[in-house]
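Asker: when you get a sec, could you give me coordinates for this:
(one chain, ligands or ions: 1)
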Amino acid sequence: MHLGYPDKGHVSTYYPDSPDITTEEIEHTADLLKEEGLMPENTRMRKTSSGDYEVLIASAVTDPTVHDTKKQSWELGGPYKGKTLRLVYGDHEKEMAKIASNLAEAKKHALNDEESKMQAEYVASFHDGSMFAHKDSQRHWIKDKGPMVECNIGFIETYRDPHGIRGEWEGFAAMINKERTKAFTKLVESAPEQTPKLPWPKDFEKDRFLAPDFTSLEVLTFAGSGIPAGINIPNYDDVRQNEGFKNVSLGNVLSAAAPKEAVPFIRDEDQDVFDACKDPAFEVQVGLHELLGHGCGKLLQETEPGKYNFDIKNPPMNPVTGEKVKTWYKPGETWGSVFGGMGPTYEECRAESVAMSLCPDYKILQIFGFGDGEEVGLICDSQCVRRRLTRLPGHQ
Ligand SMILES: [Zn+2]
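Answerer: Residues are numbered from 1 along each chain as shown. This next block holds a predicted model:
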């Protein structure tokens, strides 16, 4: 039983009561909704007994006064001629009503204008089923920099929809870890020294490193099918490119694993050292992944017709082929639009590779308080490692 398209023999709750819905039908209707400007994150899809299609939109009311699209139903063409596609509001009705009314309560306790507007947009989004309102909520969320208590909520990640466009509900509340955030801030400040260590020429880097906002949090509660160790949202590409995004490391996620859980690829005699080092090592890894990984790099692009953000007469050298680059992004393109469903995976690999490659760098390890590479003794057992770690600043 894998999560996947129903017609491939897999299961999905995104296509309820629709045992015979095909991948082609899901694709065709998704393409139409995209053209019509309806964002799919808060939707599910149903094929009725008459063969028509219903887009179920999560909202507290079945008849909202505002809609994200002008039209509410469409006559289909091509192989689906004679069939209709219509929007049906009120999916998860009870839950959405509770969520909206609780967020309206939360709004009363907002600490600043951005938080207040963010909560108002959340309420509008979950009450009326508006993704535009959710997008606006995120615009205020990114402007609420480094709050002591951080939260986010909505249909965010699309990993579990076989078509990769419908979101999974998630929400979290977390508190800032000031001590760790200090180390991450230092890492960002040192970015201009670190990025030249990456195995590509400086032409592939932004002229000025744009540091993403990054805080280390301790999770109080995280509702979702899995808890990530770090997040980088919102996912709305245009907001990310033009207005920004926030990075958070969820520091206590790793230590939430069951203690002494057997790790199959670690030898018994190495287990203690592994246990003692994995949290601090992971902290470095997550910081590098989120900050330098997602933060570095430049899209070589024709930014508007005839204008390039690199020297078109003398394009940068591709370090893989040793020749000058022959392709670049066209006006309006992003890696999301070019690589499609493969885009996020590619981007994660990139961020992870940057982290892997910079992890053993002593200048970086020093920022996190892990010495400068000079050996002070053999790492003999977990006690020894622990003693050493406890002597380091920032790791009481
Ligand atoms: Zn990432």
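
Asker: show me where the stretch 201-350 of the chain has its helices.
Answerer: Using DSSP state H, counting those that start in this stretch, the helices assigned to the stretch 201-350 of the chain run over residues 237-242, 252-255, 271-287, 294-295, 335-339, 343-358.

Asker: and the last one, C-alpha only, in CSV?
Answerer: If I follow you right, that is helix 343-358. As requested, C-alpha coordinates have been extracted for helix 343-358 and formatted as CSV (Å, rounded to 0.1, in the frame of the first residue of the first chain):
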residue,chain,number,x,y,z
GLY,A,343,12.6,21.0,-8.9
PRO,A,344,12.2,20.7,-5.1
THR,A,345,14.2,17.4,-5.0
TYR,A,346,17.0,19.0,-7.0
GLU,A,347,17.0,22.0,-4.7
GLU,A,348,17.2,19.8,-1.6
CYS,A,349,20.1,17.8,-3.1
ARG,A,350,21.9,21.1,-3.8
ALA,A,351,21.4,22.3,-0.2
GLU,A,352,22.4,19.0,1.2
SER,A,353,25.5,18.7,-1.0
VAL,A,354,26.6,22.2,0.1
ALA,A,355,26.2,21.2,3.8
MET,A,356,28.1,17.9,3.2
SER,A,357,30.9,19.6,1.5
LEU,A,358,31.3,22.4,4.1
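
Asker: that helix and the ion, are they touching?
Answerer: Yes - where contact is defined by Cβ under 5 Å from the ion, part of helix 343-358 touches the ion, namely 348, 351. (Glycine included, C-beta is placed from N, CA and C.)

Asker: packing partners for that helix?
Answerer: With contacts taken as 3 or more Cβ pairs under 8 Å, 6 or more residues apart in numbering; DSSP states H and E, helix 343-358 sits against helix 271-287, helix 335-339.

Asker: the shortest one packs against which elements?
Answerer: Counting contacts by 3+ Cβ pairs under 8 Å, 6+ apart, helix 335-339 is packed against helix 343-358.

Asker: mind listing what's buried along the helix it packs on?
Answerer: Buried residues in helix 343-358, defined by neighbour count with 16 or more other Cβ atoms under 10 Å: 343, 344, 347, 350, 351, 354, 355, 358.

Asker: state the number of residues packed around residue 1.
Answerer: Residue 1: 6 surrounding residues under other Cβ atoms under 10 Å.

Asker: who are the neighbours in contact with it?
Answerer: For residue 1, the residues meeting the contact criterion (Cβ atoms under 8 Å, 6 or more residues apart in numbering) are 10, 11.

Asker: where does it land on pLDDT?
Answerer: With respect to pLDDT, residue 1 scores 77.

Asker: cool, residue 192 as well?
Answerer: Predicted confidence (pLDDT) at residue 192: the value is 90.

Asker: quick one, what contacts it?
Answerer: Applying Cβ under 8 Å, 6+ apart as the definition, the contact partners of residue 192 turn out to be residue 209.

Asker: same deal with the one 5 residues further on?
Answerer: Remark: with contacts taken as Cβ under 8 Å, 6+ apart, residue 197 is in contact with 357, 358, 361.

Asker: with distance to residue 318 and pLDDT added, can I get those residues in CSV?
Answerer: Rendered in CSV, the data for the contacts of residue 197 read as follows (distance: Cβ to Cβ, whole Å; pLDDT from 0 to 100):
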residue, distance to residue 318, pLDDT
357, 18, 94
358, 22, 95
361, 25, 93
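
Asker: buried stuff in stretch 222-241?
Answerer: 222, 227-236, 239-240.
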